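Below: sequence and its predicted model.
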Amino acid sequence: MKDLDDSKAPLLDHLIELRGRLLKCVWALFLTGAVCFYFSEQLFAFLVHPLKEAFGDGGGRLVYTKLYEAFFVQVKVAIFGAFCLSFPIIANQLWAFVAPGLYAKEKKALLPFLIMTPVLFLMGASLAYYVVMPTAFHFFLQFQGDSGGLQVEALPSTDAYLTLVMQFILAFGISFLMPVLLMLLNRAGFVTRAQLIGLRRYMIVAAFVLAAVLTPPDVVSQLMLAIPLLLLYEITIVAIWFTDRRKAVQVDVADTSDAPM
């Protein structure tokens, strides 16, 4: 019991603390949302840059087909940016609420996963923004031109484009959290390295099915999500091997120290 924090409180105090931390999360979302709404045009310009590059020097344009569409696009940009910016605050408040009830060993085990979650999400989102989206947009815009004597031109709406961009970023960002989930399941004893190796063939199928569901219906985007997922799966298996090996060494050292002289 020495590993636990000395703070013991009745249920009502925990509920009051939870209410306070939830209010801080709401205020963080509100303030970051207000800031993002103020800079919504700059944020949307950043999000639209891959499409602008795909159109090339010939230009291209975005349209809105409903009078209120442009305004709600700015609102969606603000909400999306608010969740991204306030995530560290929300995660910190969650950790501050849960941490006092954990043993010191549990805190030490969970803290790396809490740190790696935003890092892996950012890696997935960056892959989507800098690699996948430009490649997919170049592929989609190849269908412009003359077709049966008629001129075919891409005229995406602002709302449809923003929805597509958010789909790319969230799909890749959340998918890249798979190593965190698998490592946590391994730490909790639900899966082992041997089981993950045995499930490899099913993971290949699941990766392509997940990529088909989360990305637009083109082969390029699906491959760009499925292949990194499979690589992350293999990296997770290697990481579990290192953790199991270190745990075995620690057990051997403990047994040696406890052995009678």
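Happy to help now that I have it.

Can you show me the strands along this protein?
145-147, 150-152 (DSSP state E).

What's the local residue count around residue 49?
Neighbourhood size, residue 49 [other CB atoms under 10 Å]: 13. (Glycine included, C-beta is placed from N, CA and C.)

how much space between residue 165 and residue 40?
Noted for residue 165: a distance of 14 Å to residue 40, by CB to CB, to the nearest Å.

Looks like residue 178 contacts residue 233 (just checking).
Yes - with contacts counted by CB atoms under 8 Å, residue 178 reaches residue 233, the gap being 6.9 Å.

buried sites along stretch 44-59?
By 16 or more other CB atoms under 10 Å, the buried positions in stretch 44-59 come out as 44, 47-48, 50-51, 54-55.

That should have said stretch 168-186, apologies.
Using 16+ other CB under 10 Å as the test for burial, stretch 168-186 gives 168-173, 175-180, 182-183, 186.

Kindly report the same for stretch 220-230.
Buried positions in stretch 220-230, judged by neighbour count with 16+ other CB under 10 Å: 221-222, 224-226, 228-230.

and what of stretch 143-158?
156-158.

For the nearest residue to residue 61 once chain neighbours are set aside, give its distance to residue 51.
Spatial nearest neighbour of residue 61, excluding adjacent residues (CB to CB, 6 or more residues apart in numbering): residue 155 at 7.0 Å. Using CB to CB, we find residue 155 at a distance of 12 Å from residue 51.

about what we covered before: what's the closest of the strands of the chain to residue 27?
Comparing these by their distance to residue 27 (CB to CB), the top pick is strand 150-152, with 48.7 Å.
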